[in-house]
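**Student:** Provided below are the primary sequence and the corresponding predicted coordinates.
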Amino acid sequence: MPKGTRRAFSRLAAATAFLGSLAFGLPAHAYPDKPVTVIIAWAAGGATDVVTRALEPVLAEKLGANLVIRNITGAAGTIGTAEAAAAEPDGHTILITPAGPITTQPHLRELPYDLSSFDAVGRINITPMLMMVTKESPYQTLDDIIGASKEKPGSVKFASTGAGTLPHISILALNQAAGIDTKHVPFQGSANVMQALLGGVVDVFSDQAQLVPQYELHPVAAWADERLPEYPDVPTVKEGGYDLSFANWLGVFVPTGTPEDVRAQLEEALKATLETPSIVEALEKMKLTISHMNGEELAAFAKAEHERNGKLLADAGLKK
Amino acid sequence: MDSLWLLLTPATMAAILLGTVFGVVVGALPGLGSVLAITIVLPFTFTMDPVPAIALVLSVYCSSVYGGSVSAILINTPGTPQSAATTLDGYPMTRRGEADLALGWATMASLIGGLFSTVVLIIAAPQLARIALRFGPIETFALICLALTCIAGVSRGSMIKGILAGLLGLFLATVGTDPMTGSVRFTFDVFALSGGLGLIPVLVGLFALGEVFSRMAERHGGTAQIEGRVGFKLAPLGEWLLRWKTLLKSSLIGTFVGILPGTGAATASFIAYSEAQRSGRYKERLGTGEPEGIVASESSNNAVTGGALVPTLALGIPGDPTTAVLMSALIIQGIQPGVRLFIDNPEIINAAFIALIICNLVMFVVGALSAPLITRVLRMPEPLLLGMVLVLSVVGSYGVGGKLFDVLVTLVAGVAGFFFRVCGVPVAPIVIGMVLGPIFEESLRQGLILTDNDFSVFFSLEHPIALGLITVTFLILAWSAWTEVAAARERRAAA
């Protein structure tokens, strides 16, 4: 292309672009104008990752942008979460996270972020935890566990998936509410806990309900305000006399300071995604029930969890 | 037989073939391992029927474990931690110009190890799974003690340096978050260190970059490039028969270690390697390019595949991150691994078993056919090859955790690896320390919580398996010390 022609061409292109933007009244920064990065603070293939990868194609379509999933792992999810907190608050970086990194970890140690570093976009699901034992266990009811612990402190062994995780905090809460002393044995993940539980190394574990049918366990009690629809015969911890509820949930967050309209667009896209039949079905396969909350609701919900967990950890002497 | 027909469909066969090629490539790239390979194909299985989906995931699993050996042999860089022990004899063979033979040994050993463990899985999965349940923290601790003795095995000749390297590995594994309390340690207020030092970034640095740096130094000194045959060559049957004991033992070790949750293929290959050093026919030559070392490492790490599927399928308890991802692929297919699987879905289980056999065979064929192509990297001008390894190392170390910090770790480990080479410090013990360190610490501390801090219970008749393993550990240590001393005496007498 001769020089003159090229210059003329580029002028023409610039003019077209200018006129185009006038004609359609496009704002200077249309969102999204580049791929949106989704930060997952856990390894690929983990629970959070698998859910995100299931949502990804539909969410991308509803948002009108490609999604890039980045797994930034380590330190109970805090490294990836810190990366998300430090990202540019323009809606091009979002965080999909369970409760731990934002509602418990900031209480346990010094982190470069806190819950206030994020604005909520929406909740994806919530699954109340179940307290479970093996079918052969001598502790088949909540009263058995509490009775044995009162009789001989430290005799009942509770497993958790690590310090500061929901299973651990539920133990602290029960210890405190019932005035008992139990033994806490942390493991690296729920698979390791299952091995120890089935092998008789530990006695009790609280986590997602789907573990009960998967490993043919005995459900002791539900950590919920009301009985779970799938387990109508299993009493709640509340019925046992202790007003405690714990649930696993996944939420979508953006760094604080993300413009209102961008957040609204994300909220809308998430809501539409969770209403898509193929997504409902995909999450059902993973035994997850969609329970959407908008940004405002999630913000209040996460704040309440953050405060409660902080208090429980402080009472147990674990707060930083 | 119905299961066979389920498998013999074009879709399933295509899944196995593509999965195998993909797995070998990802396994061979330093830093990218089995977990990543399976994760990448996971979304594709969402829309597939159960049988092709299982076949795809299994083929990626087996072939990625094998793939690590290719780069271990050709460029002294284990593609995955599982193949770290393969470098010890594989690379010296390449330096002698026998890369084609080394690949032949590795591929055949992987096939036999994989098939052996598949047969064990088919015959006795539910029964063997019960053994896995008898391994609590105290038994695991005893097993790890036994595994740590391989440090002595791979350090023969430079025992003090090797033990120090092993201790360094154990120490590096303690950096980051305390597994019991969640508090951070040895981070010097560097936030990125609170996640600990990743095994993969350190491994890639020590092996791949260390190798690149030392080759650069050699070039500076004017050493000629390796001239080697390219291609794929199987050793004659007679050579195999001479090493059958190691092959069988390593396959057994791999299967057994695979069955026990919490350990994995890297541990298995080191245990098998040091067992070959203790009892192999050519134990004197191990470490200098003796095929027996490749046989030990590669048959055991592929034997882990079938072994690790025992608790995964029969109990629904995946023993390592790789089988954990594999299990989530099954769950998404609506197949729930666990005690009921063998009763409720026998046709799926049988299809999976046959698929596993086919995957191993296809893995061998793909390995044999691709070797002439892959070995050509040795004909590449060395600066180009070194540049390529450098780029792949950086990409690999970044890819695992998505952190730039890991690249920094790789670079530092690379420089350290170079100095270790110069000083004659073996790097394999560092890897052993880093692989075993976290499980060692976790099982010890869990055991102490359970026994109310009474360490003596670990050695009591309350835990007979642990007692047995600890006894064997002490015997091996005593034997190693005795032979080391005897060898030193002999040398002195000869001098």
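**Tutor:** Right, received. Where do you want to start?
**Student:** what does the stretch 201-350 of chain B put close to chain A?
**Tutor:** Taking C-beta under 8 Å from any C-beta of the partner chain as the contact definition, the stretch 201-350 of chain B meets chain A at B:261-262, B:311, B:315-318, B:321, B:324-325, B:328, B:331-332, B:334, B:336, B:338-340. Yep, even glycine has a C-beta here, placed from its N, CA and C like the rest.
**Student:** give me the pLDDT value at A:Glu136.
**Tutor:** A:Glu136 carries a pLDDT value of 94.
**Student:** and it, which of the three is it?
**Tutor:** coil (DSSP: H, G, I helix; E, B strand; the rest coil).
**Student:** A:Lys62 reaches A:Ala272, doesn't it?
**Tutor:** Yes. The pair A:Lys62 and A:Ala272 qualifies as a contact (C-beta atoms under 8 Å) at a distance of 4.6 Å.
**Student:** neighbour-wise, which of the two wins?
**Tutor:** Shown here are A:Lys62 and A:Ala272; by other C-beta atoms under 10 Å in any protein chain shown, A:Lys62 has more neighbours (20 against 15).
**Student:** residues contacting the nearest residue to that one once chain neighbours are set aside?
**Tutor:** Using C-beta to C-beta, 6 or more residues apart in numbering or on different chains and skipping residues adjacent in sequence, the residue nearest A:Lys62 is A:Ala269, 4.0 Å away. By C-beta atoms under 8 Å, 6 or more residues apart in numbering or on different chains, the residues touching A:Ala269 are A:59, A:62-63.
**Student:** cool, and B:Met93?
**Tutor:** Shown in contact with B:Met93 (C-beta under 8 Å, 6+ apart): B:73, B:99, B:101-102, B:289, B:291, B:294.
**Student:** surely B:Ile40 and B:Val26 touch.
**Tutor:** Yes. B:Ile40 lies in contact with B:Val26 (C-beta under 8 Å); the separation is 7.3 Å.
**Student:** break chain A into its domains for me.
**Tutor:** In the assignment given by automatic domain parsing, the structural domains of chain A cover A:36-126+A:249-315, A:128-222.
**Student:** span of the longest one from start to end?
**Tutor:** Distance between the two ends of domain A:36-126+A:249-315: 40 Å, counting by C-alpha to C-alpha, to the nearest Å.
**Student:** pull the number of nearby residues for the residue of chain A found nearest chain B.
**Tutor:** In chain A, the residue that lies nearest chain B is A:Gly74 (2.4 Å; C-beta to the nearest C-beta). Close neighbours of A:Gly74, defined as other C-beta under 10 Å, add up to 25.
**Student:** same check, this time on B:Ala11
**Tutor:** Counted with other C-beta under 10 Å, residues neighbouring B:Ala11 total 14.
**Student:** ranges for the helices of the stretch 51-200 of chain A?
**Tutor:** All helices of the stretch 51-200 of chain A, identified by DSSP state H, counting those that start in this stretch, fall at A:78-85, A:100-103, A:105-108, A:142-151, A:166-178, A:190-198.
**Student:** do the third one and chain B meet?
**Tutor:** Yes. Contact of helix A:105-108 with chain B (C-beta under 8 Å from any C-beta) involves A:Leu108.
**Student:** quick one: which of the contacts of B:Met93 is nearest chain A?
**Tutor:** Using C-beta to the nearest C-beta, B:Ile73 comes nearest to chain A of these, at 27.7 Å.
**Student:** my read: the closest one touches B:Tyr91, true?
**Tutor:** Yes. Using C-beta under 8 Å, B:Ile73 is in contact with B:Tyr91, at 6.3 Å.
**Student:** so for those two, which sits in the more crowded spot?
**Tutor:** B:Ile73 (33 against 23).
**Student:** can you tell me the closest non-neighbouring residue to the more buried one?
**Tutor:** Leaving aside its chain neighbours, B:Ile73 sits nearest to B:Gly90 (3.5 Å; criterion: C-beta to C-beta, 6+ apart).
**Student:** and the next element down the chain from the helix or strand hosting that neighbour?
**Tutor:** Using DSSP states H and E, B:Gly90 falls within helix B:87-95. Beyond helix B:87-95 in the direction of the C-terminus, DSSP H and E gives the next helix or strand as helix B:99-133.
**Student:** now do the contacts for the residue of chain A closest to chain B.
**Tutor:** By C-beta under 8 Å, 6+ apart, the residues touching A:Gly74 are A:41, A:80, B:176, B:194-196, B:198, B:401, B:403.
**Student:** most neighbours, which of the residues you listed?
**Tutor:** A:Ala41 (32 neighbours).
**Student:** give me the pLDDT for it.
**Tutor:** pLDDT for A:Ala41: 90.
**Student:** got it, and the one 5 residues further on?
**Tutor:** In this prediction, A:Gly46 carries a pLDDT score of 71.
**Student:** now it: how far from B:Val60?
**Tutor:** Distance, A:Gly46 to B:Val60, using C-beta to C-beta, to the nearest Å: 18 Å.
**Student:** quick one: list the elements packing against the helix or strand where B:Gln277 lies.
**Tutor:** For B:Gln277, the host element (DSSP H and E) is helix B:265-279. Contacts defined by 3 or more C-beta pairs under 8 Å, 6 or more residues apart in numbering or on different chains; DSSP states H and E place helix B:265-279 against helix B:137-148, helix B:150-154, helix B:244-259, helix B:291-314, helix B:428-450.
**Student:** so which of those gets nearest A:Gly179?
**Tutor:** Nearest to A:Gly179 among the helices and strands packed on helix B:265-279 is helix B:428-450 (21.6 Å), distances taken as C-beta to C-beta.
**Student:** could you point out which element follows the lowest-mean-pLDDT helix or strand in chain B?
**Tutor:** Across the helices and strands of chain B, mean confidence by mean pLDDT, DSSP states H and E is lowest for helix B:2-7: a mean of 71. The helix or strand immediately downstream of helix B:2-7 is helix B:10-28, counting by DSSP H and E.
**Student:** enumerate the residues of the stretch 51-200 of chain A near chain B.
**Tutor:** Within the stretch 51-200 of chain A, the residues that sit near chain B (C-beta under 8 Å from any C-beta) are A:53-54, A:70-76, A:78-80, A:82, A:108-109, A:111-112, A:154, A:157, A:162-164, A:183-189, A:191-192, A:194-196, A:198-200.
**Student:** what lines up beside the strand ranked longest in chain A in the sheet?
**Tutor:** Counting by DSSP state E, the longest strand found in chain A is strand A:118-133. Sheet pairing of strand A:118-133 (DSSP bridges) gives strand A:204-208 (antiparallel), strand A:218-222 (antiparallel), strand A:247-255 (antiparallel), strand A:290-294 (antiparallel).
**Student:** please identify the deepest-packed of those strands.
**Tutor:** The highest average neighbour count among those, using mean count of other C-beta atoms under 10 Å in any protein chain shown, belongs to strand A:204-208 at a mean of 25.
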